[in-house]
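Participant: Just need the structure, nothing else, for what follows:
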Amino acid sequence: MSITTLSPAPDLTLAQADAAEVCRIALELCSWGTEQVDDPAWVDTVRDAVHALPVALRRTLRRFRRDSGRSGALLVRGLPVDAEALPPTPSVDGSVQRLVTVPAAVLMLAACELGEPAAFLAEKSGALVQDVVPVPGKETFQGNAGSVRLSFHNENAFHQHRPDYVMLLCLRPDHDRVAGLRTVCAREVLPLLREETRRALFSEEFVTNAPPSFGAGGGATPAHAVLFGAPEDPDMRVDLAATRPLTARAGAALTELREVFDRAASTVLLTAGDLAVVDNRVAAHGRTAFRPRYDGADRWLQRTFVATDLRRSRDHRPHDGYVLDR
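Facilitator: Sure thing, here's the model as predicted:
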């Protein structure tokens, strides 16, 4: 089998002048202080503002959209998050950002450059900008509220309209600077798998349950393959905490995949102003463990999902909005 080998996606550190321009645009988008992130009219305003973003940022995001590279992940550093104005890190389950802020505007600008923002009603109440923070009592939770090691997964792998991109903007790192975002791409993994393992992963011998963040009603998929599409550059659909094998060979393949994920993964420690973009079609992500203190200064990321073709999910989005209701 011929396996595609691509160059890494080019990361970007914004020049100071470019960061100041992004901050100016973001402040204009929240100038009245009453704008709502989830208001479609405000999203339209964001889309109109994208053309004013610095060329370096727009070029980087557009190139990533066309080719997410060998790693399937992109890191943009130096974005404004208005750190001095940040409130204490939220610590309640289901925390989201409804009111427009500088970080929320930055996320939505990037989303509108990559495609269209999207959310799921059953998860975080359908908010377009969601807080990823540790929650007391949920330390072992395999999801955004936990603080133990988070296993590799494609975001919402169970869903037929899972996001094309997952964006994570760091507002505040963890106290000990040990919480690392881990990513691994099918393009990195494929050459490391045995041929029989690849054959099994391309077979419809797996099912995936909804993540705990969707509650008990998320359901499970019909039988599906973990790898699918072009044999030399496949898409991937797996959640190591929720995908189950249906056959013995599928079980062996999943075990090998888990081992290869750990060997091939990259880890980055996000700092304030870092935006990580994961191509959810070809890359899985997870997180190393950390210890929250619940003192208002814990790790705080904000997350937005992006769809490159919002039309595909039209029957799931009432009134042609941005939220999938099932």
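
Participant: the helices in the stretch 51-200 of the chain, which residues?
Facilitator: 55-66, 102-114, 186-189, 195-201 (DSSP state H, counting those that start in this stretch).

Participant: so what's residue 120 up against?
Facilitator: 126, 156, 159, 214, 305, 323-324 (C-beta atoms under 8 Å, 6 or more residues apart in numbering). Backbone N, C-alpha and C define where each C-beta goes, glycine included.

Participant: 10 Å - rerun?
Facilitator: Contact partners of residue 120, counting by C-beta atoms under 10 Å, 6 or more residues apart in numbering, are 126-127, 156, 159, 161-163, 210, 213-214, 218, 305, 313, 316, 323-326.

Participant: which residue sits closest to residue 245, ignoring its sequence neighbours?
Facilitator: Nearest non-adjacent residue to residue 245, counting by C-beta to C-beta, 6 or more residues apart in numbering: residue 251, 3.9 Å away.

Participant: What's the local residue count around the one you found?
Facilitator: 15 (other C-beta atoms under 10 Å).

Participant: for it, phi and psi?
Facilitator: For residue 251, the backbone dihedrals (degrees, to the nearest 10) come out as phi -60, psi -40.

Participant: In contact with it, which residues?
Facilitator: Per C-beta under 10 Å, 6+ apart, neighbours of residue 251: 200, 205-206, 244-245.

Participant: how far away is it from residue 156?
Facilitator: 23 Å (C-beta to C-beta, to the nearest Å).

Participant: Below-threshold pLDDT in the protein: ranges please.
Facilitator: Filtered on pLDDT under 70, the chain yields the residue ranges 1-9, 215-219.

Participant: Let's see that with 90 instead.
Facilitator: 1-10, 31-35, 83-84, 210-221, 326 (pLDDT under 90).

Participant: Distance check, the residue located most distally from the centre of it against residue 200.
Facilitator: Going by C-alpha atoms, centre = their mean, the residue of the chain most distant from its centre is residue 248, 31.1 Å out. For residue 248, the distance to residue 200 (C-beta to C-beta) stands at 10 Å.

Participant: what's the answer for residue 265, then?
Facilitator: 21 Å.

Participant: So between these two, which is more surrounded?
Facilitator: Higher neighbour count among residue 265 and residue 200: residue 200, with 26 against 19, using other C-beta under 10 Å.

Participant: Please name the nearest non-neighbouring residue to the more buried one.
Facilitator: residue 253 (3.7 Å).

Participant: The one you found: which element?
Facilitator: Assigned by DSSP states H and E, residue 253 falls within helix 248-264.

Participant: tell me which residues in the helix or strand just after that helix are buried?
Facilitator: Under the assignment DSSP H and E, the closest C-terminal helix or strand after helix 248-264 is strand 266-269. For strand 266-269, a neighbour-count test (16 or more other C-beta atoms under 10 Å) marks residue 266 as buried.

Participant: gap between whichever helix or strand comes after strand 266-269 and the chain center?
Facilitator: Sequence-wise, the next helix or strand downstream of strand 266-269 (DSSP H and E) is strand 275-279. Offset of strand 275-279 from its chain centre (C-alpha atoms, centre = their mean, to the nearest Å): 6 Å.

Participant: what's the angle between the following helix or strand past strand 275-279 and helix 248-264?
Facilitator: Where DSSP H and E defines the elements, the next helix or strand beyond strand 275-279 is strand 283-287. Relative orientation of strand 283-287 versus helix 248-264 (axes from the mean of the first three to the mean of the last three C-alpha atoms, to 10 degrees): 70 degrees.

Participant: Nice, that's everything, thank you.
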